[in-house]
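**Student:** got a predicted structure plus its sequence, pasted below:
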Amino acid sequence: MSHLVAPSLLSANFLNLEGDIKMLNRSDADWFHLDVMDGLFVPNISFGFAIIEQIREATTKILDVHLMIVEPTRYLERFKKAGADIISIHMEACKNPLEALKTIKSLQAKAGVVINPGTPVSVLSEVIREVDLVLLMSVNPGFGGQSFIPGTIPKIIELKQMIKSLQLNVMIEVDGGINLQNSFELVHSGVDILVAGNTIFASADPCQTIQQLKSIH
Ligand code: DX5
Ligand code: ZN
């Protein structure tokens, strides 16, 4: 399967969100990546249920919700109700990640687990059998427009190996600082989903940039 592209709406124009959503609907984008921040797990606050509900009304594409909030278990049902198809939680953000992932699955959503750049791949061994995807952060979460951390590449390779040796069907998503230059190596290291915010929305022609990210092979 060729890789998917998931634009992060954190870099969209919130004064003209409808325009950006229509552009994404027309584009080759596969998923909408929605970054939810609570100002506690990360030093920034983004958006919540009301915005996600409105986005749900405006697209039929998959909503990939990345929760950067502490103890996400408190809110999983509400994110599902708001329209999330995929819900990803951080290993670092909850006392019992396994329980959170099982709850996501019981809600009939796809379950993702996320690790920060400083967290080793080995911690995933306790949850990897319960997830549909692993999201590797390639920047410290909180803000769009940061530079890609090169140490992510060996983590992708290690994760790929872990998935293969356990014979699991788990997708690998990478998020942060992805651009047209580094995506080639990411795709070749085995990444299934490229998340990109700034690279897409700050470009002169976002639709074309999405197409370029899609056509890397
Ligand atoms: C960062 C978010 C990312 C961010 C990516 O905390 O999880 O999804 O929006 O933005 P870029 O692609 O600009 O690094
Ligand atoms: Zn994200």
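**Tutor:** Happy to help now that I have it. The structure displayed is predicted, hence computed values, not measured ones. Ligands and ions are numbered 1, 2, ... in the order given.
**Student:** measure the residue in the chain sticking out farthest from the centre to residue 172 for me?
**Tutor:** Going by C-alpha atoms, centre = their mean, the residue of the chain most distant from its centre is residue 165, 24.0 Å out. Separation of residue 165 from residue 172 (C-beta to C-beta, to the nearest Å): 14 Å. Just so you know, the C-beta spots here come from the backbone N, C-alpha and C atoms, and that holds for glycine as well.
**Student:** do the same with residue 144
**Tutor:** In this view, residue 144 and residue 172 are 21 Å apart by C-beta to C-beta.
**Student:** same question, residue 189
**Tutor:** Here the criterion is C-beta to C-beta. By it, residue 189 lies 9 Å from residue 172.
**Student:** then residue 90?
**Tutor:** 16 Å.
**Student:** show me where the chain has helices.
**Tutor:** 17-26, 49-58, 76-82, 97-106, 152-165, 183-189, 198-201, 206-214 (DSSP state H).
**Student:** winner for burial among those helices?
**Tutor:** The highest mean neighbour count among these, using mean count of other C-beta atoms under 10 Å, belongs to helix 198-201: a mean of 24.
**Student:** and that helix, what's its mean pLDDT?
**Tutor:** Per-residue pLDDT over helix 198-201 has a mean of 98.
**Student:** ok, now stretch 78-87?
**Tutor:** Stretch 78-87 carries an average pLDDT of 98.
**Student:** what's in contact with that stretch?
**Tutor:** 31, 34, 36, 49, 52-53, 55-56, 62-65, 67, 72, 76, 104, 107-112, 132-133 (C-beta atoms under 8 Å, 6 or more residues apart in numbering).
**Student:** near ligand 1, which residues of this protein?
**Tutor:** 8, 10-11, 33, 35, 66, 139, 141-142, 144-146, 175-178, 195-199 (C-beta under 6 Å from any ligand atom).
**Student:** how near is the residue farthest from the centre of the chain to ligand 2?
**Tutor:** Residue 165 is 27 Å from ligand 2, where distance means C-beta to the ion, to the nearest Å.
**Student:** for residue 158, see how far away that residue is.
**Tutor:** Distance of residue 165 to residue 158, computed by C-beta to C-beta: 11 Å.
**Student:** same question, residue 69
**Tutor:** Residue 69 is 27 Å from residue 158, by C-beta to C-beta.
**Student:** that older thread, between residue 90 and residue 172, who's got more neighbours?
**Tutor:** Taking other C-beta atoms under 10 Å, residue 90 and residue 172 do not tie; residue 90 has more neighbours (25 against 20).
**Student:** next up, the contacts around the more buried one.
**Tutor:** 41, 67-68, 72, 113-116, 141.
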